[in-house]
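Novice: based on what follows, work out the 3D shape:
(2 chains)
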Amino acid sequence: ELKVEQNPLFLSMQEGKNYTIYCNYSTTSDRLYWYRQDPGKSLESLFVLLSNGAVKQEGRLMASLDTKARLSTLHITAAVHDLSATYFCAVDNPQRQGAQKLVFGQGTRLTINP
Amino acid sequence: NAGVMQNPRHLVRRRGQEARLRCSPMKGHSHVYWYRQLPEEGLKFMVYLQKENIIDESGMPKERFSAEFPKEGPSILRIQQVVRGDSAAYFCASSTIAGSYNSPLHFGNGTRLTVT
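Specialist: Presented below is the predicted three-dimensional model:
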């Protein structure tokens, strides 16, 4: 059974600092997604990572994927308050070909303080 | 181009009542997924449907829950005889073709079900 674990689950940081969120998964998969969720809102897609070594950047966020280690990271550079949200990674279940049956991590609740 | 539309946004039901949650996928999308999010947890897959077909319902509880996606109209997630443990946010997502490699699922705003 595919399991996805994130850490930390809670992260409080100051504006201007850098930090990394980690996402480990238990079985082989070649599709990993990062989503952002604001309180009471839906999920916003941030990144789709499709291959080993993939790195994508958008603004102050950068995501990478190491399929051999079954690890993805979401790096936050010089954090600003607007990035406060819950971040989820999700991995495509490899047993289900052709359908996006995602398994989500528990989420990392990020709070950025002025 | 409207996104995935879910209604109602909030639904309150007493124990034993029925809850009906509706989802209209994005225009041009023929694949619908339902996920459930319990408080402080990640989303969990429930069911995957195409028009008039349930493709994978492995995440659905065996009793009281059902889903459909008719030829015309929205997808419906139906929960009969609701219990307090059904209180959660229910998200619908849609995609174009199955497993579209580069395309993430597009999620609706969710229906927050509260069972009193």
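Novice: ok and the residue in chain B nearest chain A?
Specialist: Closest residue of chain B to chain A, Cβ to the nearest Cβ: B:Gly42 (3.4 Å). In this view, the C-beta of every residue, glycine as well, is placed from N, C-alpha and C.
Novice: residues contacting that residue?
Specialist: A:Val4, A:Phe88, A:Ala90, A:Phe104, A:Gly105, A:Gln106, A:Gly107 (Cβ atoms under 8 Å, 6 or more residues apart in numbering or on different chains).
Novice: ok, the residue of chain A found nearest chain B to A:Asn18 distance?
Specialist: For chain A, the residue closest to chain B is A:Phe104, as judged by Cβ to the nearest Cβ, at 3.4 Å. A:Phe104 sits at a distance of 25 Å from A:Asn18 (criterion: Cβ to Cβ, to the nearest Å).
Novice: can you name the residues bridging to the residue nearest the centre of chain B?
Specialist: Note on chain B: the residue nearest the mean C-alpha position is B:Trp34, at 3.3 Å, using Cα atoms, centre = their mean. Beta-bridge pairing for B:Trp34 (DSSP bridges): B:Val47, B:Cys92.
Novice: tell me the pLDDT of it.
Specialist: Per-residue pLDDT puts B:Trp34 at 97.
Novice: what's the answer for A:Pro94, then?
Specialist: Confidence score, pLDDT, at A:Pro94: 63.
Novice: ok, now the one 5 residues further on?
Specialist: Predicted confidence (pLDDT) for A:Ala99: 61.
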